[in-house]
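J.: Could you work out the structure for the sequence below:
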Amino acid sequence: RESQSETVGKLQTTLKSELKSYSDVVASSFCTQVPIVSTKDIADAVENVVKSEDRSKNIILFGVKEDDGVEAEKAVVDVFSKVGEKPHISYCERLGKKSTDRPRPIKVCLTNGDAAIRLRNCGKRLRDIPATQRVFVAPDLTHEERAERKKLVQLMKARKAANPEHHFYISRGEVWCDN
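T.: All right, here's what the predicted structure looks like:
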């Protein structure tokens, strides 16, 4: 029968050799399979996610008349009250320089992303009301997303021109056809 000290000694030897071989495997596979990522790349990725989350709470309203003395927030509340919605606005502002030929878009920052989705879905109901027929609701997109969207709209228009009897739409970054 082995003594307790001999058993402990064998156990220690086995653990040392097994841990060493395990650490060798981990070290060799880690160095060859995991790409090295700089802290700048990580910071950029985190910043993009945060900006995307912030933008998900925003909507852009186009076509809301610009009256002197009427604040943008009041104009937004008036538009959505016509379809029975009461948005909880953090803040809103007109974008761009004031011009006489068309109203500036309004960027509306809401309290959460669900409210932004709900208000974006009101766009169809706004077109049914004569006073808001020319008001359009859009998500707040980055320059890159707007460029991609513009390409999709051009592609959809080309397909519509080639097949006027079909109904085309954009969903999930692709042009789709109902027929």
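J.: Tell me which stretches of this protein form strands.
T.: With DSSP state E, the ranges of strands along the chain come out as 58-62, 89-94, 106-110, 136-139, 168-171, 174-177.
J.: For the fourth one, list every residue counted as buried.
T.: Just to be clear, that refers to strand 136-139. Residues of strand 136-139 classed as buried under the neighbour-count rule (16 or more other CB atoms under 10 Å) are residue 137. The way it works is simple: take the backbone N, C-alpha and C, and place the C-beta from them, glycine included.
J.: One more: the third one?
T.: Of the residues in strand 106-110, those scored as buried under the neighbour-count criterion (16+ other CB under 10 Å) are 106-110.
J.: from those, which is closest to residue 54?
T.: Distances from residue 54 to the buried residues of strand 106-110, taken as CB to CB, are shortest for residue 109 (8.4 Å).
J.: any chance of the buried residues of strand 106-110 in TSV, plus distance to residue 125 and pLDDT?
T.: Rendered in TSV, the data for these read as follows (distance: CB to CB, whole Å; pLDDT from 0 to 100):
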residue	distance to residue 125	pLDDT
106	18	96
107	21	96
108	17	95
109	22	95
110	18	94
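J.: with the residues you listed in mind, which one is nearest to residue 88?
T.: Of all these, residue 110 has the smallest distance to residue 88: 6.3 Å, by CB to CB.
J.: between the strands of the chain, which gets nearest to residue 74?
T.: Across the strands of the chain, closest to residue 74 is strand 89-94 (CB to CB), at 9.6 Å.
J.: quick one: that closest one to strand 58-62, angle?
T.: An angle of 40 degrees separates the directions of strand 89-94 and strand 58-62 when computed by axes from the mean of the first three to the mean of the last three CA atoms, to 10 degrees.
J.: Switch the strands of the chain over to CSV; also include distance to residue 51.
T.: Formatted as CSV, the entries for the strands of the chain read as follows, by distance: least, CB to CB, whole Å:
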stretch, distance to residue 51
strand 58-62, 11
strand 89-94, 16
strand 106-110, 13
strand 136-139, 13
strand 168-171, 23
strand 174-177, 24
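J.: Flag every buried residue along stretch 64-81.
T.: By neighbour count on 16+ other CB under 10 Å, the buried set for stretch 64-81 is 64, 72, 75-77, 79-80.
J.: Ok, stretch 150-170 next?
T.: Neighbour-count burial for stretch 150-170, with 16+ other CB under 10 Å as criterion, is recorded at 156, 160, 168.
J.: try stretch 169-179
T.: Under the neighbour-count criterion of 16+ other CB under 10 Å, stretch 169-179 has residue 175 buried.
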